[in-house]
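1. Mind folding the following:
(2 chains)
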Amino acid sequence: MNVDLPATVECLAELEGHDDRAWHVAWNPTKPILASCSADKTVRLYHYRQETEASSSAIAFNPVNTIQTGHTKTVRAVAWSPSGQTLATASFDTNIGIWEQEPAEDEEDEDDNAGYRVTTGEWECMSLLEGHETECKSVAYSSSGSLLASCSRDKTVWVWEVHPDADFECMGVMMEHSQDVKQVAWHPTEEILASASYDDTIKLYIDDPSEDWFCFATLTGHESTVWSLAFSPNGRYLASSSDDLTIRIWERVEQHKWECVKIIDGIHARSIYSISWGVGSKELEDSDHLGWLASTGGDGKINVFEIKAPTTGSDSASVRAPPSHRLIAQVQAAHDVHDINCVSWCSRPGYENLLATAGDDGSVKVWRVARIKQ
Amino acid sequence: MTFSGALTLTDLNDYITPSQACIKPVEQLNPINEVQKDPGAASTAIRIDSSGSYYEVPTESTAISSAKKLEPAQISLNDCLACSGCITSAESILITLQSHTEVLNFLSSNPPPSHPHHKIPVLSIAPQCLASLAASLSSSSSHRLSLHQVLARIRKFAKEVLGFDHVWDTSFARHIALLEHVREFHERKAHASSSSQGELAEGALEDVGRLPMLASACPGWICYAEKTHAEMLPFIARTKSPQQVMGTLVKYWLGAKWGKSPDEIYHVSLMPCYDKKLEASRADFYNEQYSTRDVDCVITTGEFELLLTEKGYDLSQPVPGETTDECTWEEEGIPDLLQHAGSSSGSYLQSIIDSLSAPSKGGDSGSALTVSTNAVRADHTTYTLFSCPSSQPTPTPVPVPVFKGATCYGFRNLQNVVRRVGKEGGVRVGRGAAGRLAGRAQARGVRRIGGREVGASRNKKDREGAGEVVTEEEKTYDYVEVMACPGGCVNGGGQLKPPAMIDEEGFQRDWEEEGVKLGVNGEGGKLELNGQMKDAGMESSAGRAGEAIQARWGSKAWTKKVEEAYWGGLPTPPASPPPWRDDEGSPAVMKTGEEKRSRADRLAVRILTEMCRPIGGQSEDWMGSMDAEAERLRRAYFRTSYRAVESEVVGLAVKW
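-> Here you go, the predicted model:
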């Protein structure tokens, strides 16, 4: 850990259990649950809560469910619906599973101190979305929860409409990328979809009036595979991370136009597999705060950047000022010598400084980032 | 291998594409004597010379003499069909094996008629190709060309310049395909209702095929279903496509009339679709005895245009009599351009709706049927037939849905058809990989029946079977006209591209007439068609997004033009229903249209009789049943079958 940095990273939990590489973690947006998935074809769910002793700020994580998904290959990614009721799994067996929890048969639910009832009901596969020809790499719900996107090595990006009774209707199949599509991400408020690919590009999609989805922009600049995407919480920026060891920040300069305004490099020695952009915790009276951006990858390092909006001093300037970034915290060898495949900020109020990572060692770790009080 | 220019014709966004890699291994037929090399010594490189031959050359030497010529990899269409590496057309391969140059090569090497090895060259043209050509020719002239005119011009070109003996369009073959299709639907319907009453064993259903029946004319869809959705195969109609019915007519019916065996006829078809090449090379359409296919070579509209260019022929020049004989009956009595109202993709759904609505047919005698249509979204429309039982005592009888059909075009809608039919039919959707998951999802459906979710589809089907009244919304599909291309066959992958002068005056006016204003609205992140965009094209702010949208609208507008040409100038397919009676315009034309159709019906029955030779002579009409042997022949001539292709690529591990 770097002592000069203005924030500390504390490991709150090390969650064992997966028998193989852990690929992805996802925080439930409404409930104190963290989900992880693995090459062992399971999804593990952990419940967390603030310790009851007033003196302690510790947060306890406990496994509550293990879903034996039935996927015949690796579960590569998981995603929660905005309601927190539904979980989607993306698997190398080409399918997407849609999971919901059955009510527990015996009502021996325990109340946690935050009023959340921990239920042990089984997670059922409500629906199976097929269509991808090869490994499904990523899955994501839109901000309203009415759409689900997925992508695959088959180079396609699919958009599904979520119907009642775990029914889905395919709304679009975009065959725009020339290679493997690594990740899909939705804009935080609008129905804009982004995809990152092995073809070094990022593509952006919207629905058009005749109800077909189409690619309206291709963002080029990365010199190698684009692994991960993260929109800023305010939706004005999109961050991307790549095998070229850079993070790029793209700004929405017009309604349907995004431009690269910043390149962050020299911060990772190997592929940057995952980035996550959370609201972070801002200092008082900091109106420029754009949140915290975390990155991780093959070098086992976690970096946390504070991103700030450009100062609006010279508004007549024709050249757009980029947002500024500052490294505020760092963890070396966060999963020992292993690659880290995923990093994710918790979005629940009060827990926005929690970060989860999933590594090749099969473990999931939870970290708390805190500013050093001056 | 270069791609034909024809391949880049249209907006291929929504087509089924070849998969990442062809898994057909390259075989080295003439083993080369390996020169032993020291490990680590300079290796060799592959070089391609100007004629396209491949050479293996040592990297330290550039002399061509030391190079070894390599066998080019050969992949036949049948390899493609047997392989699951690609979803459908590996286009470059198809083009070399069934191309316009192949047609020219055949015609130039065909010995004269007096020669014993002479083959009779026959050309069959899909009406959608004529529409594509008509739209293209009309866009560069002040006159709108009819399909009859285009057919007359092609006929002249094909006979006088190319040397074809006969030229037909495939609409009469489609007429027969539709008759058989309707017959098959009623067969399935009868079986489904008798099996739901417990009169038939479950197995019998599989022999006849299941409901909903799915259209069988689109080879892209067939190929996709065979490779990735084997569970759909029992639902797909087994009636041959118009192309293959035409193949049967040409090689067997006409061949017999001419005293020619199937291999003494060379049958070329002109199709809007590349996948028709795959269809033509299916084992079912290959005659082992004579080593010949029912359709020897398929070329697309785009390839036909290349052929015209190569021959320096101008289709925009009128030919004598092209406008006078609107009702020509070509030799052998096969009528030209029979119109079937409904859809420009073959009117399969409409022909079934018509057969149900026809007063003399169906069990619901005495109750009038009404149709309600619902455009679910682009390329997906449902048609529900309601019966109003007149016996109902209530003052306002509640219409009961008795039939629900849909047209579903494009890969996206096809996905939803597969999901919906799989669900409603109670079959497990998907490949082995889906495995347990699907089982679980289904187990859940069963378990919840009787509970809160009465909407569970299996339940719906049961309720229908039990004769309960279901709503339009609840009614399950009985028939789906499935086509793989967005917009259907007029927008087939092999059709002509929109003319280059896309921003020419006439075109823009047309867009405006259609209420299509190009633009990206500034608010809300939602794309809107607004009135601000003027002839100058896109506002600069729209940027690349605007260009993408413009290209899409250009392609859509063009598809609309082709559709118009297909219907002889009407902007949309004739309203359906009322069926085709309305589309013919004046009563005089209508009369000839009806007469034409009844003559076509009579000819179809005559063909059926001549080919199937039922005991007791002439069959009454196409729906009538014949003796067992005649029925066997009917199936052999007018039906086909499908088989699931096992995936060979499952099991390849990918790390990321």
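2. what's around residue B:310, how many residues?
-> Residues near residue B:310, counting by other Cβ atoms under 10 Å in any protein chain shown, number 11. Every C-beta, even on glycine, is put in place using the N, C-alpha and C of the backbone.
3. would you say it is within a helix?
-> Yes. With DSSP: H, G, I helix; E, B strand; the rest coil as the criterion, residue B:310 is assigned to a helix.
4. need the contact list for it.
-> Counting by Cβ atoms under 8 Å, 6 or more residues apart in numbering or on different chains, residue B:310 touches B:100, B:104.
5. Recalculate using a threshold of 10 Å.
-> B:100, B:101, B:104 (Cβ atoms under 10 Å, 6 or more residues apart in numbering or on different chains).
6. And the contacts of the host helix or strand of the last one?
-> Here residue B:104 is covered by helix B:100-109, with elements defined by DSSP states H and E. For helix B:100-109, contacts defined as Cβ under 10 Å, 6+ apart pick out B:4, B:6, B:95-96, B:99, B:117, B:119, B:121, B:123, B:158, B:161-164, B:266, B:268, B:270, B:296-300, B:302-311.
7. Swap in 8 Å and give it another go.
-> B:119, B:121, B:162-164, B:266, B:268, B:296-297, B:299, B:303-304, B:306-307, B:310.
8. Got a quick ChimeraX command for the buried subset of these?
-> The ChimeraX command for the buried members of these (criterion: 16 or more other Cβ atoms under 10 Å in any protein chain shown) is given here:
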select /B:119,121,162,164,266,268,296,297,299,303,304,306,307
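9. Show me what the helix or strand harbouring residue A:194 pairs with in its sheet, parallel or antiparallel.
-> Assigned by DSSP H and E, residue A:194 belongs to strand A:193-197. Sheet pairing of strand A:193-197 (DSSP bridges) gives strand A:181-186 (antiparallel), strand A:202-207 (antiparallel).
10. moving C-terminal of the helix holding residue B:104, what's the next helix or strand?
-> strand B:120-125.
11. Toward the C-terminus from that next one, list the very next helix or strand.
-> Next along the chain from strand B:120-125, counting by DSSP H and E, comes helix B:127-139.
12. tell me the angle that following helix makes with strand B:120-125.
-> Inter-element angle recorded for helix B:127-139 and strand B:120-125: 70 degrees (by axes from the mean of the first three to the mean of the last three Cα atoms, to 10 degrees).
13. returning to what we had before: identify all contacting residues around the strand holding residue A:194.
-> Contacts for strand A:193-197 (Cβ under 8 Å, 6+ apart): A:142, A:149, A:151, A:155, A:157, A:159, A:174, A:176-187, A:202-206, A:213, A:225-229, A:231, A:238, A:240.
14. PyMOL command to pick out the buried ones of those residues?
-> Selection of the buried residues among the contacts of strand A:193-197 in PyMOL, burial being defined by 16+ other Cβ under 10 Å:
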select buried, chain A and resi 142+149+151+155+157+159+174+176+177+180+181+182+183+184+185+186+187+202+203+204+205+206+213+225+226+227+228+229+231+238+240
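15. Report whether the helix or strand residue A:60 falls within contacts chain B.
-> According to DSSP H and E, residue A:60 maps onto strand A:59-68. No. Judged by Cβ under 8 Å from any Cβ of the partner chain, strand A:59-68 makes no contact with chain B; its nearest approach is 8.8 Å.
16. in its sheet, what does that strand sit against?
-> strand A:42-50 (antiparallel).
17. name the element residue A:240 belongs to?
-> Here residue A:240 is assigned to strand A:237-242, by DSSP H and E.
18. that's a strand at residue B:383, yeah?
-> Yes. Assessed by three-state DSSP, residue B:383 belongs to a strand.
19. which other helices and strands contact the strand holding residue A:240?
-> strand A:226-231, strand A:247-254, strand A:274-278, strand A:289-296 (3 or more Cβ pairs under 8 Å, 6 or more residues apart in numbering or on different chains; DSSP states H and E).
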